[in-house]
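K.L.:
3D, please:
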Amino acid sequence: MTSLSKKGSCSRVLCALAFGCALMLAGTTSAWSQGSTKLVFMEPFDLAFEFSHELNADVGGHFKAQGLDVQITNVRGTSIAIQQVVAKQAQVTRVGALDLMKAVAAQGVPLVSIATSLHEGIFSLVSLKSAPLKTPADMKGKTIGVASIGGGQENTLDLLLVSSGVPVAEVPRQAIGSSAGNIELLKQGRVNGFFATVETSLIFRRANEPVEIVSAAKFAPMPGGAIVVRRDFAAENPDVAVRFLRAMRASAEELLTADPNMIIERIEKKYEISADKDRNFRIEALKAYNNMALSQGRENLLKNVPGVWRKAAELTSKAGIVKVADGDALYANQYIDQAYK
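P.N.:
Model prediction:
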């Protein structure tokens, strides 16, 4: 997969040079502050249906209807995506709430979530049905596979344990990478459980693998899709922030009611999606992400739900991942509230 995911896109280096030149021509201040409708949306990974709200907002004409010209591009890693926003090379990104907490706490970066696209994190715990791990307490003394030590999956493991009062030291963990192939490590008994993404979990269900799959959100609430901007950027450009969120809301509503085949086809025409190309798989993935967007009720579609953010901040601090002084300081609902009017 290339770094930039539009079909027929240029190489990473040439695109970066072209983008840098465009920024030089535009000046050093943000595109919005100059009255332009141009916006760079920096995704943190290869494009997937996890990003369907913004992808559909583009190809479905919702951004255009709000007078916005949005360029959706991507880099490898949340820290790079966040840094692009901090450096004003992009105006918006989408990351997990935990990534936002780390960035704000570690660097004092003036970032804020203006909407929550997915109210749940993307990781689920996978174990064998013959030896299921249904609760955090079941993991005591068991070896759990994570993508990397110190990464998001290990952080999720610690959040689950803390949520149920299980000492972190009593649950060994092993770095095994992140792929559907981890199912073989489970069957061989090399791990007792491991974490998988939404789409990897879907692969297991479609293959009727003999596994128990439990969403981490059941025990450790954590917004999985925070729409993040610089706090000063939103404050200085509230009208554009509201129009951006109106477009995102219109896209989210359409995703819930329109023919998924139509949605997928028009996204595929412009963007290279990293998911399995099987159409039925893609429809099921789209449905799974829609369910995550609705997990706090349709009335909270795209809204930051205070209770979820506060609990996530509390668990993150308790787990010693990062100290969050005020969970409410991580989000701002005035823009999405206005977008609902």
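K.L.:
And the chain, split by domain according to the record?
P.N.:
Per automatic domain parsing, the structural domains of the chain span 12-119+223-339, 124-218.
K.L.:
Averaging pLDDT over each of those domains, report the lowest-scoring one.
P.N.:
Across the domains of the chain, domain 12-119+223-339 has the smallest mean pLDDT, namely a mean of 89.
K.L.:
Now do that one: distance to the chain's middle.
P.N.:
The chain centroid and the centroid of domain 12-119+223-339 are separated by 8 Å, computed with Cα atoms, centre = their mean, to the nearest Å.
K.L.:
ok, back up a step: dump the domains of the chain to JSON lines, plus mean neighbour count.
P.N.:
The C-beta positions use only the backbone N, C-alpha and C, and glycine is treated the same way. Output for these, formatted as JSON lines (neighbours: other Cβ atoms under 10 Å):
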{"stretch": "domain 12-119+223-339", "mean neighbour count": "19"}
{"stretch": "domain 124-218", "mean neighbour count": "18"}
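K.L.:
hey, where'd the helices end up in the stretch 1-150 of the chain?
P.N.:
In the stretch 1-150 of the chain, the helices defined using DSSP state H, counting those that start in this stretch lie at 12-26, 52-59, 62-65, 78-86, 97-107.
K.L.:
Give the full set of residues in contact with Ser52.
P.N.:
If you count contacts by Cβ atoms under 8 Å, 6 or more residues apart in numbering, Ser52 has them with Ser251, Leu255, Ile263, Ile267, Leu286, Tyr289.
K.L.:
Mind listing the residues bridging to Val40?
P.N.:
Gln71 (DSSP bridges).
K.L.:
Touching, it and Leu68? I think so.
P.N.:
No. With contacts defined as Cβ atoms under 8 Å, Val40 does not count as touching Leu68, sitting 11.3 Å away.
K.L.:
So which of the contacts of Ser52 are in helices?
P.N.:
The helices, defined by DSSP state H, take in Ser251, Leu255, Ile263, Ile267, Leu286, Tyr289 from the contacts of Ser52.
K.L.:
Quick check: the fourth one touching Ile273?
P.N.:
Yes. Ile267 is in contact with Ile273 according to Cβ under 8 Å; the separation is 6.7 Å.
K.L.:
Got phi/psi on the most centrally placed residue in the chain?
P.N.:
In the chain, the C-alpha nearest the mean C-alpha coordinate belongs to Gly225, at 3.7 Å (Cα atoms, centre = their mean). Per-residue torsions, Gly225: phi -140, psi 80 (degrees, to the nearest 10).
K.L.:
Just the strands from the protein, written as ranges.
P.N.:
For the chain, applying DSSP state E gives strands covering 38-43, 69-74, 92-95, 111-116, 124-128, 144-146, 173-175, 193-196, 211-215, 226-230.
K.L.:
report the angle between the axes of the fifth one and strand 211-215?
P.N.:
If I follow you right, that is strand 124-128. 160 degrees (axes from the mean of the first three to the mean of the last three Cα atoms, to 10 degrees).
K.L.:
got the contact list for strand 124-128?
P.N.:
Residues outside strand 124-128 that contact it (Cβ under 8 Å, 6+ apart): 133, 139, 144, 160, 182-183, 186-187, 192-198, 201, 204, 210-216.
K.L.:
CA atoms only for it, dumped as PDB, please.
P.N.:
Extracted in PDB, the C-alpha atoms of strand 124-128 (Å, rounded to 0.1, in the frame of the first residue of the first chain):
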ATOM      1  CA  SER A 124     -11.800  -7.200  20.500                       C
ATOM      2  CA  LEU A 125     -10.300 -10.000  22.600                       C
ATOM      3  CA  VAL A 126     -10.200 -13.400  20.700                       C
ATOM      4  CA  SER A 127     -10.000 -16.700  22.500                       C
ATOM      5  CA  LEU A 128     -11.000 -20.300  21.800                       C
END
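K.L.:
mind listing what it pairs with, with the direction of each?
P.N.:
strand 193-196 (antiparallel), strand 211-215 (antiparallel).
K.L.:
Reformat those into TSV and put distance to Ser52 next to each item.
P.N.:
Shown next, in TSV, are the strands paired with strand 124-128 (distance: least, Cβ to Cβ, whole Å):
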stretch	distance to Ser52
strand 193-196	20
strand 211-215	19
